[in-house]
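Student: Provided below for reference: sequence and predicted model.
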4 protein chains.
Amino acid sequence: MENSLRARTKSDVVVEFREAEIIDAVRRVIARSGFRNTSMEKVAEEAGISKGTLYLYFKNKEDLVRKATERGHAEMARSIEKLAQATIDPDDAIATYVRAMLVFCDQNEILFRAMDARPDSDGEKSATSVNRRIDHYVTILERIIDDRIQAGTYRKVHSRRVARMIVEAVRGVVIERLREPVGQRGDVENDVEMIVSVFGRGMSA
Amino acid sequence: MENSLRARTKSDVVVEFREAEIIDAVRRVIARSGFRNTSMEKVAEEAGISKGTLYLYFKNKEDLVRKATERGHAEMARSIEKLAQATIDPDDAIATYVRAMLVFCDQNEILFRAMDARPDSDGEKSATSVNRRIDHYVTILERIIDDRIQAGTYRKVHSRRVARMIVEAVRGVVIERLREPVGQRGDVENDVEMIVSVFGRGMSA
Amino acid sequence: MENSLRARTKSDVVVEFREAEIIDAVRRVIARSGFRNTSMEKVAEEAGISKGTLYLYFKNKEDLVRKATERGHAEMARSIEKLAQATIDPDDAIATYVRAMLVFCDQNEILFRAMDARPDSDGEKSATSVNRRIDHYVTILERIIDDRIQAGTYRKVHSRRVARMIVEAVRGVVIERLREPVGQRGDVENDVEMIVSVFGRGMSA
Amino acid sequence: MENSLRARTKSDVVVEFREAEIIDAVRRVIARSGFRNTSMEKVAEEAGISKGTLYLYFKNKEDLVRKATERGHAEMARSIEKLAQATIDPDDAIATYVRAMLVFCDQNEILFRAMDARPDSDGEKSATSVNRRIDHYVTILERIIDDRIQAGTYRKVHSRRVARMIVEAVRGVVIERLREPVGQRGDVENDVEMIVSVFGRGMSA
DNA sequence: CATGAATGAGCCTTCATTCAT
DNA sequence: TATGAATGAAGGCTCATTCAT
């Protein structure tokens, strides 16, 4: 029984490792070629395995791409949450989130590019999954803003919209940063300070 | 000669008309189905012509899609410029642009959706074309901001980044607006006021 | 309008011709290689067209194969019916059908082989379509036998089973005939006479 | 040496046992899903072993399927031969064979279905193997008929063809029987009697 | 002996593009 | 100019087969 348990665990580890390897490959391919030009062939080549093997770990292409982007968002969420929990001062709440997003994108340029590409909405389905994730950050910020409004720190603004504005503004700053050579990007902290100060003053009572 | 000239001219008109018709069709298809599911077949059907005819007016699919989105941006630019030129007061410059963008997107939902869908960058090429257009607005806003900084109205901020933030923030607001039923979207002016006031205060000296 | 009608008709003729060409090709491939080894590639090659063209005339492989076998049975049915209607004497009814089947198979060896190959029943579905067709002949013979029983010419036998036996016996004779070199097959009429006499005596009152 | 011999023998038994297990599994899968949907995966699962193990006992899929159907025929042959040897009266020879075939198919519905499906002749090879087996029964019946013709019991008929007709007729009756619910199939003996009487009278001098 | 992960050839299908009419 | 039938490259997916463990 212990044997069986250990075997199971070992197998699980291998499976997880393979999945992670493949997902990393997908991200690189998407970041390099875009969704449209991401073929199973390319992914297999990038992962250093054969096409058929992909289907041992993922049901089909949709499944693979969805899991890759979802895992990307999950990683970002975890990273952000981790940073955010270290902060208690509500005055720094927004700064914390902005900083977390910025740092994460800075350090995961490939991942950001992969997530920023829209999975070519076939009408709705796949796009929804990505949007739902982004909405998550919007909602978190929305709540923070609401709190500050009730606390009297912020004036009465349409919190949902401002929250969305912040997320998109951060996205915009990331785009600008990624265009600059790494050496000239300047300290992340400067951009954090700028975003926070603009929105902070913008909403202050 | 005059004859030939007139014929030429007439022919040109017809060509432009056909191109415009096709481009409209492309936009509708993209807005409805996303880039991935936009086939030449669908476009031809939507335009009420045959597949082969598309190739008389556009070199290939990439050319067609690129021109469709570029023309979209051109239209937006023209529309915005038109609105912007009516304004002289520098205090209202940003408000004018924000309002123009918002109004335009509100009234051209299909075009916005088509332009917002990312053309599945095949690495870099096509995406660049879209980004270059967006950059145009960023640059305009950047100059306005620079002017106000020099005028002492705004404090010293990284004008390029804030300009980008504004553009992306507007995009965010449009996304939120388009999610709401048309009747409940609220007056555009409210959103304009909100965006302008947030960024205005945010940058005020 | 006449024009449009004529154009339509002409196009229809072309389409029908192409479909028939392709269906002939499918039959040859099935007869030669069996269902399992009948690929769209082989069919296209046999028909002298490209793979993609097949999909202009048939929805997919299943559609193509189904129509090919169904049309085969329809042809056989038409041919048999034609021969059968020329006969009025009820004493010759069975002989007529047997002769018709035998002659048809003799002259359409490829079609017979194609139809005799079993469509790789995916459990039930596709096989049903073929079996239903064969059942048709069984049912016709069943009625003839019932008539003769009531007329007192035949003794009381399980008409359905005997009808099935006759159809399968004919199939058996066809198989034997097709194994012999064409020159040595002997006159069809001899085989007809033999089958009819065996079953005629076998059922006689 | 004795040791080696004993080991060898024991090993042989195991091998045969495994082969039989696998062949049984193949039959069940074929009967359930048809040839087309019979994959090595399914067979392995049905046999409760791994895919790779199949290749320890059979060279490849073709070999496996061929042996499975051949063994099916061998079983039927053995069963028939057993019944036939109990009969001495030449008048009952045909009845004995017909009864044996019918009883065997009745009791081995799965096997019959597996054998009746055509193994998708890849040109000729595999089909031949099946046909050769069926030919065996035809040949036996052919000899019986020849004997009876020489004995003056039967009139002069084309013995080969009639033998084939009988085999196929039996097949037809089996098909009809298998379509009926088990409870309503009627006694096998009735069908035996019917077939024998039809062909007996049909060939009587 | 047994396993099952890995492979890759081969299949079906789609779709941008061409060209004869 | 306009058409749409034809093409064929390319993509997603399956499955018989192999091989390291």
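Tutor: That came in fine, so what should we check first?

Student: For the rest of this, base every contact and every neighbour count on C-alpha atoms.
Tutor: Will do.

Student: mind checking how far residue A:71 is from residue A:22?
Tutor: According to Cα to Cα, to the nearest Å, residue A:71 and residue A:22 sit 12 Å apart.

Student: Please identify which of these two sits among more neighbours.
Tutor: Here residue A:71 and residue A:22 are set side by side on neighbour count (other Cα atoms under 10 Å in any protein chain shown), and the busier one is residue A:22, at 24 against 16.

Student: who in chain A is up against DNA strand E?
Tutor: By Cα under 7 Å from any atom of the strand, the residues of chain A that approach DNA strand E are A:18, A:48, A:49, A:50, A:51, A:52, A:53, A:56.

Student: Take these and keep only those in helices.
Tutor: The helices, defined by DSSP state H, take in A:18, A:51, A:52, A:53, A:56 from these.

Student: Just the buried subset of the residues you listed, please.
Tutor: Applying 16 or more other Cα atoms under 10 Å in any protein chain shown to those, the neighbour count classes A:18, A:51 as buried.

Student: where along chain A do the helices fall?
Tutor: Listed in chain order, the helices of chain A (DSSP H) span A:2-33, A:40-47, A:51-57, A:61-85, A:93-107, A:109-116, A:125-150, A:159-179, A:188-203.

Student: For my notes, please list the ones you listed in CSV and give mean pLDDT and distance to chain D for each entry.
Tutor: Below are the helices of chain A laid out as CSV (pLDDT from 0 to 100; distance: least, Cα to the nearest Cα, whole Å):
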stretch, mean pLDDT, distance to chain D
helix A:2-33, 80, 17
helix A:40-47, 96, 23
helix A:51-57, 96, 14
helix A:61-85, 84, 22
helix A:93-107, 87, 44
helix A:109-116, 71, 36
helix A:125-150, 78, 32
helix A:159-179, 93, 48
helix A:188-203, 95, 54
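
Student: re earlier: could you identify the most distant pair in the residues of chain A next to DNA strand E?
Tutor: When Cα to Cα is used, the two most widely separated members of the residues of chain A next to DNA strand E are A:48 and A:56, lying 14.6 Å apart.

Student: How far off centre is stretch A:174-182?
Tutor: Average the C-alpha atoms of stretch A:174-182, do the same for its chain, and the two points are 17 Å apart (Cα atoms, centre = their mean, to the nearest Å).

Student: and the closest residue to residue A:146 other than its chain neighbours, what is it in contact with?
Tutor: Distances taken as Cα to Cα, 6 or more residues apart in numbering or on different chains place residue A:159 nearest to residue A:146, at 6.3 Å, with adjacent residues excluded. Contacts were defined as Cα atoms under 8 Å, 6 or more residues apart in numbering or on different chains; by that measure residue A:159 touches A:142, A:143, A:145, A:146.

Student: try residue A:99
Tutor: Taking Cα under 8 Å, 6+ apart as the contact definition, residue A:99 lies against A:188, A:189, A:192.

Student: was I right about the first one contacting residue A:101?
Tutor: So the one you mean is residue A:188. No - the pair residue A:188 / residue A:101 is not scored as a contact, 10.4 Å apart, by Cα atoms under 8 Å.

Student: Who has more neighbours out of those two?
Tutor: residue A:101 (23 against 15).

Student: So for that one, what's the nearest residue that isn't a sequence neighbour?
Tutor: That would be residue A:80: by Cα to Cα, 6+ apart, it lies 6.5 Å from residue A:101.

Student: Please name the nearest non-neighbouring residue to the residue nearest in space to the middle of chain A.
Tutor: Centre of chain A computed as the mean C-alpha position; nearest residue by Cα atoms, centre = their mean is residue A:73, 3.7 Å away. Nearest-residue entry for residue A:73: residue A:133, 6.7 Å, with adjacent residues in sequence omitted and distances by Cα to Cα, 6+ apart.

Student: Kindly report the same for residue A:113.
Tutor: Ranked by Cα to Cα, 6+ apart and with sequence neighbours excluded, the top spatial neighbour of residue A:113 is residue A:31, at 5.3 Å.

Student: Closest residue of chain A to DNA strand E?
Tutor: residue A:52 (3.2 Å; Cα to the nearest atom of the strand).

Student: domain parsing for chain A?
Tutor: Chain A is divided into the following domains under automatic domain parsing: A:1-58, A:66-203.

Student: would you list those in CSV and tack on distance to residue D:111?
Tutor: Conversion of the domains of chain A to CSV gives the following (distance: least, Cα to Cα, whole Å):
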stretch, distance to residue D:111
domain A:1-58, 33
domain A:66-203, 45
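
Student: Out of the ones you listed, the one nearest DNA strand F is which?
Tutor: Go through the domains of chain A one by one with Cα to the nearest atom of the strand and the one that ends up closest to DNA strand F is domain A:1-58, at 3.5 Å.

Student: anything in the closest one sitting right up against DNA strand F?
Tutor: Yes - among the residues of domain A:1-58, A:37, A:38, A:39, A:40, A:41, A:51, A:52, A:53, A:55 lie within reach of DNA strand F under Cα under 7 Å from any atom of the strand.

Student: residues near the third one, how many?
Tutor: What it means is residue A:39. Neighbour tally, residue A:39, other Cα under 10 Å: 16.

Student: cool, and the fifth one?
Tutor: Around residue A:41 sit 14 other residues, with neighbours defined as other Cα under 10 Å.

Student: again with the second one
Tutor: Residue A:38 sits with 21 neighbouring residues when counted by other Cα under 10 Å.

Student: how close does it get to residue A:20?
Tutor: The span separating residue A:38 from residue A:20 equals 17 Å under the rule Cα to Cα.

Student: With the first one instead?
Tutor: Distance, residue A:37 to residue A:20, using Cα to Cα: 21 Å.

Student: ok so, going back, turn the helices of chain A into CSV, including distance to residue B:154.
Tutor: Putting the helices of chain A into CSV (distance: least, Cα to Cα, whole Å) gives the following:
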stretch, distance to residue B:154
helix A:2-33, 38
helix A:40-47, 49
helix A:51-57, 55
helix A:61-85, 31
helix A:93-107, 22
helix A:109-116, 32
helix A:125-150, 24
helix A:159-179, 19
helix A:188-203, 11
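
Student: Please list the residues of chain A that sit near DNA strand F.
Tutor: Near DNA strand F, the residues belonging to chain A are A:37-41, A:51-53, A:55, A:59-62 when assessed by Cα under 7 Å from any atom of the strand.

Student: Try it again at 6 Å.
Tutor: Residues of chain A lying close to DNA strand F by Cα under 6 Å from any atom of the strand are A:39, A:40, A:41, A:52, A:55, A:60, A:61.

Student: tell me the contacts of the residue nearest to the second one when sequence neighbours are not counted?
Tutor: This means residue A:40. With Cα to Cα, 6+ apart as the measure, residue A:51 is the residue that lies nearest to residue A:40, at 6.4 Å, once sequence neighbours are left out. Contacts for residue A:51 were tallied using Cα under 8 Å, 6+ apart; they are A:40, A:41, A:44, A:45.

Student: mind redoing it with 10 Å?
Tutor: When contacts are counted by Cα atoms under 10 Å, 6 or more residues apart in numbering or on different chains, residue A:51 is found next to A:39, A:40, A:41, A:42, A:43, A:44, A:45.
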